[in-house]
Structure formats: structure tokens, C-alpha cells
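K.L.:
how does the following fold in three dimensions:
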Amino acid sequence: MELEEKSYLWIRDIEGIDAETGLVNCGDWDSYASVLKIFLNTAEEKIAEVSALVANKNWEEYKIRMHGMKSSARVIGAEELFERARLLEVAGKEADVAYVDECLDGFLEEYRRLAGKLAPLEENQNTLPPVDEAMLKDAYETLLSAVDAEDSDLAEIVLLEMKNYSLPEGDNDVFRELYKKYLAVDWEGMRKLICREK
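P.N.:
Sure thing, here's the model as predicted:
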């Protein structure tokens, strides 16, 4: 058994996550751990955002955000959470407010619970490898392509992948702002910010 696998064995015991599925989705243990860490670090922000969208009856944005939470659950191997998110996304598309009112709180509680179970991953949060110049340039270019195509899935992949690296201070601020604009579905704002940096 490889050393990296031994350090992640505890993930197999988390109720609600199928580590084998997550491992297949991500390719190897280090990549899987990175995705799980992203799930952990973005959970509260996503929960707060979805709650606010429902409170404001912004169903269009709600559907987009629920789709993102659904995808996050699928990638880490949280199949039950994925299915609950899928049904909540469908409810948003069908304007089934009663279903959202009945089921959203339980879903968000489970999302938060799973994120909390991943807290041990934070122990290595301050040992992120530095990004190299070529990777950073490629990230900007790929992100611009995603923005031009309004491809939310690709944009999220790039933005979350960069959270796995230590960025130069200026670029770190840029990517933080890009993520905020991504969450607001501000494609034009993202485009202007990327073009300014390039």
C-alpha cells in the first residue's frame, strides 16, 4: 500500500461518501484529496448563497448554484447527496416551491455535515505547492475560453484547481475576485479581469 493511500484511509470511513467512486472520478488519492478540500473550503459559501437565493425567490440563479452543488457531490462520490441536489435542481426548474421548502434545509445540513467530516484535510492547507508560470498562464487562457463560451463547468474546474496551489499575491487576489464574479455569473466582469491581467 502506497504511503499517500495510507494517509487518506480515514476518508473511506466517512458515511455518505463512496471513496472508491471519488477516487475513480479524480484519478489518484492526491487529486481526490484536493477536490475534497475544495468541497470543504467552499461549502459554507455555497450554502449561504443558495439560502439567500431561495429567500429572494431568485430561481434562475438558484438552479445554477444547485447544479454546481450537485456536480460537487457527484465528483467526491457522495451519491445520496448528489441525488438530493438533483431533485432540488429539478424542483427549481419546475418552480416546485413546496418541494424546495420541504427538502432544502435537510440537504444543506447534510452538505455541511459532510464538509465538516473533511476537516482533517485542513491540516495540510498551508503546504500548498507554488504554481509555475506556465501553469498560471494556461489557467488564464483556459478560463478565458470558458468565459467566452459561458461554460460554467469548465470555469469552476479551473478556478477550483488553482485553489490547490500557492499563487503570487497579485494573482491570488485576481483569482479570488474571479471566483466571486463566477458565483455571481458575471461573465463580462470575469472577461475584463482576465484580459487586464493578460
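
K.L.:
output the contacting helices and strands for the longest helix along the chain.
P.N.:
The longest helix of the chain (DSSP state H) is helix 29-55. On a contact count with 3 or more CB pairs under 8 Å, 6 or more residues apart in numbering; DSSP states H and E, helix 29-55 meets helix 3-6, helix 19-26, helix 59-76, helix 97-117, helix 152-162. (C-beta placed from N, C-alpha, C; glycine too.)

K.L.:
now do the longest one: everything it contacts.
P.N.:
Here helix 97-117 makes contact (CB atoms under 8 Å, 6 or more residues apart in numbering) with 14, 16-17, 39-40, 43-44, 46-47, 50-51, 54, 62, 69, 73, 78, 81, 84-85, 87-88, 91-92.

K.L.:
buried subset of these as a ChimeraX selection?
P.N.:
Command for ChimeraX, covering only those of those found buried under the criterion 16 or more other CB atoms under 10 Å:
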select :14,16,17,39,40,43,46,47,50,54,62,69,73,78,81,84,85,87,88,91,92
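
K.L.:
most packed of the helices and strands packed on helix 29-55?
P.N.:
Mean neighbour count (mean count of other CB atoms under 10 Å) peaks for helix 59-76 among the helices and strands packed on helix 29-55, with a mean of 20.

K.L.:
break this structure into its domains for me.
P.N.:
3-125, 128-197 (automatic domain parsing).

K.L.:
quick one: low-confidence ranges for this protein?
P.N.:
Applying pLDDT under 70 to the chain picks out residues 1-7, 123-127, 197-198.

K.L.:
ok, residue 82 touching residue 73?
P.N.:
Yes. Counting by CB atoms under 8 Å, residue 73 is a contact partner of residue 82 at 4.0 Å.

K.L.:
how about the contacts made by residue 81?
P.N.:
16, 73, 107, 110, 111, 114 are the contacts of residue 81 under CB under 8 Å, 6+ apart.

K.L.:
any chance of those residues in CSV, with distance to residue 154 too?
P.N.:
CSV is the format used below for these (distance: CB to CB, whole Å):
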residue, distance to residue 154
16, 27
73, 19
107, 25
110, 27
111, 23
114, 25
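
K.L.:
out of those, which is nearest to residue 33?
P.N.:
Distance to residue 33, by CB to CB, is smallest for residue 114 among those, at 14.7 Å.

K.L.:
so the closest one versus residue 148, what's the distance?
P.N.:
Applying CB to CB, to the nearest Å, the value for residue 114 to residue 148 is 34 Å.

K.L.:
this completes my enquiry, with thanks.
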